[in-house]
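Engineer: coords please:
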Amino acid sequence: MFTNRKLLHIALTSCAIAMSIAWAPTLSAQGGRQARRAVAAEARVEPARSVLRNLVGRWRVEVRFAGNFDRAPDASGTRVVAALFDDLRLQWTEELDSARVKSQGMIGFDSRTGQFYSTAVDSAGTGAELLTGTLDMAEPVITFGGAFVLRMVDQDHFTWSPLDRGWRAVLTRQP
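Structural biologist: I've put the predicted structure just below:
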């Protein structure tokens, strides 16, 4: 009887140890979930930082509505983009040439969620625009909320447009 109790105790102890190892989360120091999450987030930060870095500067804005391919832009103005605190958060201001409409906002990257965010408010509107977006790693394109797209064409041009293609803003870097 003593031998059976001893074997039973060893078997139960072995099962308990095996189950605790199987169900216990791996510690971050052992390459567990937290460590992998930090590495994945850092892998997304560098491409985001690169896109945002390219947006800093003074830009000429030309807006064309659908069908206007070869005439003068329907609206034009100037946008100035500058760093806000660091290189993952930018602020911008914009003025249209032919109207008293002024806009301002922010665009940035949240390294905790791995998403871009954009805010905008203008003097002709009644509220703020708040969007979140993701970067397509194959090309520098950020899709915001399934509604808008920021596309880096090259270091001196980017576009901002709705997915329905009702209009398109082309921004050209100014010296």
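Engineer: low-confidence ranges in the chain?
Structural biologist: 1-42 (pLDDT under 70).
Engineer: all helices for it, in order.
Structural biologist: With helices called from DSSP state H, the chain shows them at 2-23, 33-55.
Engineer: state the distance from the residue nearest the centre of the chain to residue 62.
Structural biologist: When the chain is reduced to its mean C-alpha position, the nearest residue by C-alpha atoms, centre = their mean turns out to be residue 116, at 1.8 Å. Distance from residue 116 to residue 62, counting by C-beta to C-beta, to the nearest Å: 23 Å. Every C-beta, even on glycine, is put in place using the N, C-alpha and C of the backbone.
Engineer: about what we covered before: run through the residues that contact the residue nearest to the centre of the chain.
Structural biologist: 48, 107-110, 132-135, 142, 144 (C-beta atoms under 8 Å, 6 or more residues apart in numbering).
Engineer: could I get those residues as TSV with neighbour count?
Structural biologist: Formatted as TSV, those follow (neighbours: other C-beta atoms under 10 Å):
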residue	neighbour count
48	20
107	24
108	20
109	24
110	15
132	14
133	21
134	15
135	20
142	25
144	22
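Engineer: pull stretch 97-112 out as CSV, backbone CA atoms only.
Structural biologist: Listed next in CSV are the C-alpha coordinates belonging to stretch 97-112 (Å, rounded to 0.1, in the frame of the first residue of the first chain):
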residue,chain,number,x,y,z
ASP,A,97,-6.0,80.4,-51.8
SER,A,98,-9.5,81.4,-52.9
ALA,A,99,-11.4,81.2,-49.7
ARG,A,100,-11.1,82.0,-46.0
VAL,A,101,-11.2,78.3,-45.2
LYS,A,102,-8.4,77.2,-42.8
SER,A,103,-7.8,73.7,-41.6
GLN,A,104,-5.5,72.1,-39.0
GLY,A,105,-4.9,68.7,-37.7
MET,A,106,-2.5,66.0,-36.7
ILE,A,107,-1.3,62.7,-38.1
GLY,A,108,0.8,60.2,-36.2
PHE,A,109,1.5,56.6,-35.3
ASP,A,110,0.5,54.9,-32.1
SER,A,111,3.2,52.3,-31.4
ARG,A,112,1.1,50.5,-28.9
